[in-house]
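Undergrad: below are the sequence and a predicted model for it; my questions follow.
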Amino acid sequence: MSPSAPQRGQRPHAHRTHGVFAISVAADMVRMEVQNLRVYERRGLLTPDRTSGGTRLYSQADIEVLHRIRDLLADGLNIAGIARVLELEAEVERLRARLAEADGNAAPGR
DNA sequence: ATTCTGACA
DNA sequence: TGTCAGGA
C-alpha cells in the first residue's frame, strides 16, 4: 500500500496517548471548565501534548485521567491527594503488567 | 472565537 | 482551589 503508513503503527496504544483533542473539546467531554484543565496541568496531575505553537492536545488517555480527577475531587480529595492517587495507580498498573509477565498470563479471575 | 500565561483572592 | 486580567 502507501509507503507512508503511520510511523508509530507498532504500538497498539499509541493512539490512546496521542494528543488530538483541543482543550475546549476535552473540557466538554469530561464536563469540566477549560480553565480548570489548565489548573490541573499546572498542579502536575497530567501533562497533555502540545502543538508546535503551544496549544494543548489531550489524548484519550488524558480524557480518562480527567474523568478520574473529576471523581476523586467529588470524593473530597485535594489536588495533592489526587496526584498521589494517580501516581499509585500508575505504579499498580506497572506492577500488574509485571505480574502478568511473570505469570505468563494475566487471568484476573482470582 | 479560542487559547495561553501569570497573578491573586 | 479556582477565577480574572490581558495578550496573541
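TA: Arrived safely. Here the structure is a predicted model, which is why all the values come from computation and not from measurement.
Undergrad: what is the neighbour count of the residue nearest to A:Thr47 when sequence neighbours are not counted?
TA: Spatial nearest neighbour of A:Thr47, excluding adjacent residues (Cβ to Cβ, 6 or more residues apart in numbering): A:Glu41 at 6.4 Å. Where C-beta positions appear, they are placed from N, C-alpha and C, glycine not excepted. If you count neighbours by other Cβ atoms under 10 Å, A:Glu41 ends up with 16.
Undergrad: show the average pLDDT along the helix ranked longest in chain A.
TA: In chain A, taking DSSP state H as the definition, the longest helix is helix A:79-103. Model confidence over helix A:79-103, given as mean pLDDT, is 94.
Undergrad: dump the lowest-mean-pLDDT helix or strand in chain A to CSV, restricted to CA.
TA: Every helix and strand in chain A was compared by mean pLDDT, DSSP states H and E; the lowest is helix A:14-17, with a mean of 90. Presented in CSV, the C-alpha positions along helix A:14-17 are these (Å, rounded to 0.1, in the frame of the first residue of the first chain):
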residue,chain,number,x,y,z
ALA,A,14,-0.2,4.8,20.6
HIS,A,15,-3.4,6.5,19.5
ARG,A,16,-4.6,6.4,23.1
THR,A,17,-1.7,8.6,24.3
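Undergrad: can you give me how far it is from the chain middle?
TA: Its chain's C-alpha centre lies 9 Å from the corresponding centre of helix A:14-17 when counted by Cα atoms, centre = their mean, to the nearest Å.
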